[in-house]
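> Okay, here's the prediction I keep looking at, along with the sequence it came from:
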Amino acid sequence: MLKQRDLQRTLFEAHYLPNRVPADSFYGRLASVSDVLFRDQDLAAMYCPDNGRPCLPPSLMSGIMLLQFYDNVSDEEAMSRLEFDLRWKVALNLPLDFEPPHPSSLSVFRSRLLAHGEERYAFNRLVEVGRKAGFLHDKVTLLMDTTPQHGAGAVQDTYTLIRKGIRKLLSVAGYALPGKRQGLARDLRSYIDGDKKAAIDWSAPSARAEQLKVLVRDADAALELVEQSDDAQVRSLAWLLAKILGDDTELNEQGEPQIAQGVAEDRIVSLTDPEMRHGRKSAAQRFDGHKAQVVSDAESGLLLAVEPVAANTGDGRGLPDVVQTVEQQQGVQVERIIADGAYGSGDNRALCEERDIDLVSPQASPKDPEVHKSAFTLDVEARDAICPQGHHAIQCRRATDDDARPVLTFMFDRAACGVCPLFSRCVHSRTQGRCVHTHFHERLLRAARKRQETDAFRSLYALRSAIERAIAHLVRHGLRRARYIGTLKGRLQMQWIGALVNLQGLFRLCGDNLASLRQAAIAAR
């Protein structure tokens with residue numbers, strides 16, 4: 001049952017007693033607004049209105065979670081600080097003799113937030129406070145980038161994935177029960193009895209190959225056992241195990257299983273957290289987990305979105321979803337986006353042109369500008385192309401790209417290319433002259449490349465550095481490593497760390513005038 005926080009002050013509240021907590025610290029500033037920052041009625045739908053024991057006020061639990069992420073501590077440590085740390089008592093306006101709840105209360109509160117779709121509550125609430133305070137306008141310029149988040153699940157090799165997949169599938173299908181266990185073949189019963197790696201010489205390739213054959217054979221047998229099952233969880237695990245086999249193994253020339261060459265694009269790396277993926281921020285920086293898509297307002301510096309995306313997804317692919325999330329969740333209109341080159345694809349530029357959004361994103365600098373496609377004069381309407389040496393294309397062919405959209409291919413005369421001083425750098429075919437392939441959004445890409453040479457573009461793009469500072473602030477409070485398993489819980493962590501960073505941003509924007517922030521919190525819906 002919902003219990004609302006009693007706003008009646010007492011003589012024993014730490015905030016009113018002489019204390020050494022600086023008024024200009026985060027804890028001291030939070031003390032001036034913590035009683036109005038969150039409202040119990042906002043989360044009333046999470047609780048039964050007239051039955052059960054009174055819960056801890058959700059406004060208080062929200063404040064505790066903010067402090068937990070501020071100090072980046074566990075549930076147990078958070079409750080310990082709530083009991084013994086004077087800074088926490090001052091920040092939350094609690095009496096000195098306040099008795100904290102059990103650490104599991106934080107877990108229960110998070111579960112309630114997720115069950116009722118309120119994981120964004122604190123984040124959206126503080127963005128709305130920022131709007132009421134006048135720091136966030138109706139039309140915004142977005143700064144956008146992603147940052148890696150290492151997953152909480154154990155990263156496992158192919159042998160471990162298959163072995164644990166068999167064990168988990170058999171257990172969920174009920175074969176761990178004595179009655180069904182007796183019907184299993186001896187080889188499959190061993191997966192129920194224990195969960196240890198095979199006692200082989202793992203440094204020997206032949207031993208590993210033989211073990212892989214055993215695992216694949218047993219996995220096929222387990223999948224055959226549950227083939228007719230109607231249980232949703234069993235079918236989900238069966239699909240997961242089949243995907244692991246398909247992604248990680250292949251048949252050699254003798255028809256025997258072996259480790260597949262290369263890495264499947266959507267390869268599963270953990271059975272503990274099947275939503276984790278391999279990801280890269282650069283050729284040298286690989287990680288396993290998720291990415292956080294971070295979006296901030298260029299003028300105020302307030303975060304407008306911190307959303308999880310798959311680690312193996314290119315940064316720019318999430319731009320349409322991010323724009324939709326920001327506009328729907330925060331009630332603003334996006335008029336400009338400033339982001340790095342990963343967001344400057346033709347599709348993103350077409351989307352932004354359609355929605356009247358100015359996308360400030362550079363095109364990659366060509367390795368050899370003199371022979372790059374951008375050095376050619378292309379007239380798509382007239383179906384003509386002119387190379388840097390003034391030669392016209394002798395042929396124009398229609399083609400389609402990977403998405404079945406029409407594009408053009410311009411062919412240049414081999415003989416004319418052969419006498420060109422740029423021939424060795426420009427032509428790589430042994431039989432044909434230079435070929436130039438257009439993009440479906442060639443006009444937009446060429447306009448973007450031309451624009452990035454201007455001083456106006458450089459001035460706007462320089463604003464992007466602010467998103468790096470915002471990401472550093474998020475990482476400082478624990479964003480780099482996931483606390484929980486799964487994308488849904490990962491979103492909760494990102495949203496609450498983002499809310500914390502926004503609260504610090506509001507303190508910065510208000511300066512010494514915290515009364516205005518308090519009034520904005522009261523006025524916010």
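The structure has been received and is ready for your questions.
> List the buried residues in stretch 463-476.
464, 466-467, 470-471, 473-475 (16 or more other CB atoms under 10 Å). In this view, the C-beta of every residue, glycine as well, is placed from N, C-alpha and C.
> same check, this time on stretch 28-42
Along stretch 28-42, the positions that meet the burial threshold by neighbour count (16+ other CB under 10 Å) are 28-40, 42.
> would CSV of these with pLDDT and secondary structure be doable?
What follows is the buried residues of stretch 28-42, written out as CSV (pLDDT from 0 to 100; DSSP: H, G, I helix; E, B strand; the rest coil):
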residue, pLDDT, secondary structure
Gly28, 91, helix
Arg29, 94, helix
Leu30, 95, helix
Ala31, 91, helix
Ser32, 90, coil
Val33, 93, coil
Ser34, 91, helix
Asp35, 89, helix
Val36, 92, helix
Leu37, 94, helix
Phe38, 94, coil
Arg39, 92, coil
Asp40, 89, helix
Asp42, 91, helix
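> could you dump the residues you listed to CSV with distance to Asn348?
Shown next, in CSV, are these (distance: CB to CB, whole Å):
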residue, distance to Asn348
Gly28, 44
Arg29, 39
Leu30, 39
Ala31, 44
Ser32, 42
Val33, 39
Ser34, 41
Asp35, 44
Val36, 40
Leu37, 36
Phe38, 36
Arg39, 38
Asp40, 42
Asp42, 35
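> wait, which of the residues you listed is closest to Ala91?
Ranked by distance to Ala91 (CB to CB), the buried residues of stretch 28-42 are led by Leu30 at 4.2 Å.
> what's the distance between that closest one and Ser229?
Noted for Leu30: a distance of 52 Å to Ser229, by CB to CB, to the nearest Å.
> Repeat that for Arg181.
Spatial separation of Arg181 from Ser229 under the definition CB to CB is 17 Å.
> How about Phe135?
As it turns out, when the distance is counted by CB to CB, Phe135 lies 55 Å from Ser229.
> if you count what's nearby, which of these two comes out ahead?
Phe135 (21 against 16; other CB atoms under 10 Å).
> Narrow the buried residues of stretch 463-476 to those in helices?
Of the positions in the buried residues of stretch 463-476, 466-467, 470-471, 473-475 sit in helices, assigned by DSSP state H.
> Run through the strands of the stretch 101-250 of the chain in chain order.
139-150, 249-251 (DSSP state E, counting those that start in this stretch).
> so of those, which one's packed in deepest?
When you average the neighbours per residue for each of these (mean count of other CB atoms under 10 Å), strand 139-150 leads with a mean of 22.
> circling back: with respect to Lys489, which of the buried residues of stretch 463-476 is nearest?
For those, the minimum distance to Lys489 (CB to CB) is 16.8 Å, reached by Leu474.
> Leaving out chain neighbours, which residue sits closest to Ala448?
Here the nearest residue to Ala448 in space, its sequence neighbours aside, is Gln363; by CB to CB, 6 or more residues apart in numbering that works out to 5.6 Å.
> could you list every residue that touches the one you found?
With contacts defined as CB atoms under 8 Å, 6 or more residues apart in numbering, Gln363 is in contact with 341, 344, 445, 448-449, 452.
> Just the element for it, please.
For Gln363, there is no enclosing helix or strand under DSSP states H and E.
> one step back: by mean pLDDT, show me the worst of the strands of the stretch 101-250 of the chain.
Out of the strands of the stretch 101-250 of the chain, the stretch the model trusts least by mean pLDDT is strand 249-251, with a mean of 92.
> before we move on, the earlier item: would you format the buried residues of stretch 463-476 as CSV with pLDDT and distance to Arg397 included?
Conversion of the buried residues of stretch 463-476 to CSV gives the following (pLDDT from 0 to 100; distance: CB to CB, whole Å):
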residue, pLDDT, distance to Arg397
Arg464, 95, 39
Ala466, 95, 46
Ile467, 96, 42
Ala470, 96, 47
Ile471, 97, 45
His473, 96, 52
Leu474, 97, 49
Val475, 96, 49
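> Just the element for Glu83, please.
Once you assign secondary structure using DSSP H and E, Glu83 falls within helix 75-84.
> Could you list every helix and strand that that helix packs against?
Here helix 75-84 touches helix 58-71, helix 86-91, helix 104-115, going by 3 or more CB pairs under 8 Å, 6 or more residues apart in numbering; DSSP states H and E.
> Least confident of these, on average?
Looking over those, mean pLDDT reaches its minimum on helix 86-91, with a mean of 92.
> Show me what that one is in contact with.
14-15, 19-21, 25-28, 30-31, 34, 63, 67, 81-82, 94-96, 98.
> Rebuild the helices and strands packed on helix 75-84 as JSON lines, extending it with distance to Gly151.
Shown next, in JSON lines, are these (distance: least, CB to CB, whole Å):
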{"stretch": "helix 58-71", "distance to Gly151": "18"}
{"stretch": "helix 86-91", "distance to Gly151": "29"}
{"stretch": "helix 104-115", "distance to Gly151": "18"}
